[in-house]
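K.L.:
Any chance you could fold what I've pasted below:
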Amino acid sequence: MLVTRYNPFKELRELENRLFNYYPSAPSEEGDISAFKPSVSTREGEFAYHIEVDIPGVKKEDIHIDLKENQLIISGERSFKEERKENDYYKIESSYGKFQRSFALPENVDVENIEASSENGVLEVVLPKLKVEKAEVKKIQVK
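P.N.:
From the prediction side, this is the model:
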């Protein structure tokens, strides 16, 4: 049996979302087991693009990074279970969620040398840039 905290404003928020279309219909943060959307930071360096995904509690073996049709797809799942037993007290808390994020790759990414590492709940994907030689400007004389 799943025990969830009562939220008196949940129905009002759902009604407001439907009436005013502020948000697409998405699972609520409370009471939905599969609600898990990690935050993502992207930046461009001189030699590579960097994607950092905050995924605390996700094991390395539960992270999947795929490259398909010039799209980088990062997916995975986390599960957490905490059990606490005392003389007259027994509590189990668990959470579970799957996630997937997709990124369109720029033309100058070296797809053969993409690297990923995970440390302290942060996944970093490094997308090296291809070395593009600047073309010389050739003057053409008008006759």
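K.L.:
drop to CA atoms for contacts and neighbour counts, all remaining ones
P.N.:
Fine.
K.L.:
Can you give the contact residues for the host helix or strand of residue 123?
P.N.:
Per DSSP states H and E, residue 123 falls inside strand 122-128. By C-alpha atoms under 8 Å, 6 or more residues apart in numbering, the surrounding residues in contact with strand 122-128 are 47-56, 109-111, 113-118.
K.L.:
Mark which of those are part of strands, please.
P.N.:
48-54, 115-118 (DSSP state E).
K.L.:
just to revisit the earlier point, kindly supply the ChimeraX command isolating those of the contacts of strand 122-128 that are buried.
P.N.:
In ChimeraX, a selection of the buried entries from the contacts of strand 122-128 looks like this (16 or more other C-alpha atoms under 10 Å):
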select :48,49,50,51,52,53,54,55,109,111,118
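K.L.:
Can you give me the buried ones in stretch 123-135?
P.N.:
Quick answer for stretch 123-135 (16+ other C-alpha under 10 Å): 123-129.
K.L.:
could these go into CSV alongside distance to residue 101 and pLDDT?
P.N.:
Output for these, formatted as CSV (distance: C-alpha to C-alpha, whole Å; pLDDT from 0 to 100):
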residue, distance to residue 101, pLDDT
123, 12, 95
124, 13, 95
125, 13, 95
126, 16, 95
127, 16, 94
128, 19, 95
129, 21, 92
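K.L.:
Tabulate those in CSV, adding columns for distance to residue 37.
P.N.:
Compiled in CSV, the buried residues of stretch 123-135 are given as follows (distance: C-alpha to C-alpha, whole Å):
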residue, distance to residue 37
123, 14
124, 16
125, 17
126, 21
127, 22
128, 26
129, 28
